[in-house]
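> Need a 3D model of the sequence below.
(one chain, ligands or ions: 1)
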Amino acid sequence: MHQPYGTGSMYQLLDFKIHGDLRGNLVALEAGADFPFAVKRVYYIWGTSYDAIRGKHAHRQLEQVILCLAGSCDFVLDDGCRRTVVHLDNPAQGLYLRHNIWREFTHFSADCVLMVLASEHYDEADYIRDYALFLHEVAHD
Ligand code: TYD
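Next up is the predicted model:
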């Protein structure tokens, strides 16, 4: 991984190598080389209205890489102390999130397609869906 996840950083934007030629572009992602976990689950999201707010949760263990394959959207990230907004609009970048980051995503363009690579199978017990509980858990992490 060429860009380290800096201490105190809420997220990492991974820049993927584009194998482009006259035919167009191709990005290939390999676990361990391009992002730091083995993928157990992939899901994707599209057809979301501009003002919809998805997410509104944090994960206790899960790591994810979020790819905006088409269009754009905004990710609001919160580590319990600070809030920041990351605008995703580049299919050659991945937003790498570790655990204990509250995320809300919104402002979806009509053509937005998100694909998420996840380190674990779906497990509702890994979700923190209450913001006050999230603040409590990160304070005692
Ligand atoms: P939800 O957690 O609300 O999605 P988001 O965080 O993007 O707003 O999930 C919507 C529904 O899909 C909910 O019923 C749970 C289900 N779901 C799965 O079954 N497997 C999965 O991997 C995910 C992410 C969601």
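
> Can you tell me which residues in this structure are near the ligand?
Residues of the chain found near the ligand, taking Cβ under 6 Å from any ligand atom as the criterion, are 41, 43, 45, 54-55, 57, 122. For glycine as for every other residue, the C-beta is placed from the backbone atoms N, C-alpha and C.

> Of the residues you listed, just say which sits nearest to residue 13.
The shortest separation between residue 13 and any of these is 17.5 Å, and it belongs to residue 55 (by Cβ to Cβ).

> Just the closest residue of the protein to the ligand, please.
The minimum distance from the chain to the ligand, using Cβ to the nearest ligand atom, falls at residue 54 (3.4 Å).

> partner residues bridging that residue?
Beta-bridge partners for residue 54, by DSSP bridges, are residue 105.

> how long is stretch 78-91 end to end?
Criterion Cα to Cα, to the nearest Å; first-to-last residue distance in stretch 78-91 is 23 Å.

> before we move on, what about stretch 26-40?
Separation of the first and last residues of stretch 26-40 by Cα to Cα is 22 Å.

> By neighbour count, which bits of it are buried? Give me those.
For stretch 26-40, burial by neighbour count (16 or more other Cβ atoms under 10 Å) applies to 27, 34-37, 39.

> Tell me the one among the residues you listed nearest to residue 68.
Sorting these by distance to residue 68 puts residue 27 at the head of the list, at 12.2 Å, by Cβ to Cβ.

> In contact with the closest one: list those residues for me.
16-19, 91-92 (Cβ atoms under 8 Å, 6 or more residues apart in numbering).

> sec struct for the residue nearest to the spatial centre of the chain, please.
Within the chain, the residue whose C-alpha comes closest to the C-alpha centroid is residue 66; the distance, by Cα atoms, centre = their mean, is 3.5 Å. Using DSSP: H, G, I helix; E, B strand; the rest coil as the criterion, the local structure at residue 66 reads strand.

> quick one: the closest residue to it other than its chain neighbours from residue 24, how far?
Taking Cβ to Cβ, 6 or more residues apart in numbering as the measure, residue 66 lies nearest to residue 95, with 4.3 Å between them; neighbours along the chain are not counted. Here residue 95 is placed at a distance of 23 Å from residue 24 (Cβ to Cβ, to the nearest Å).
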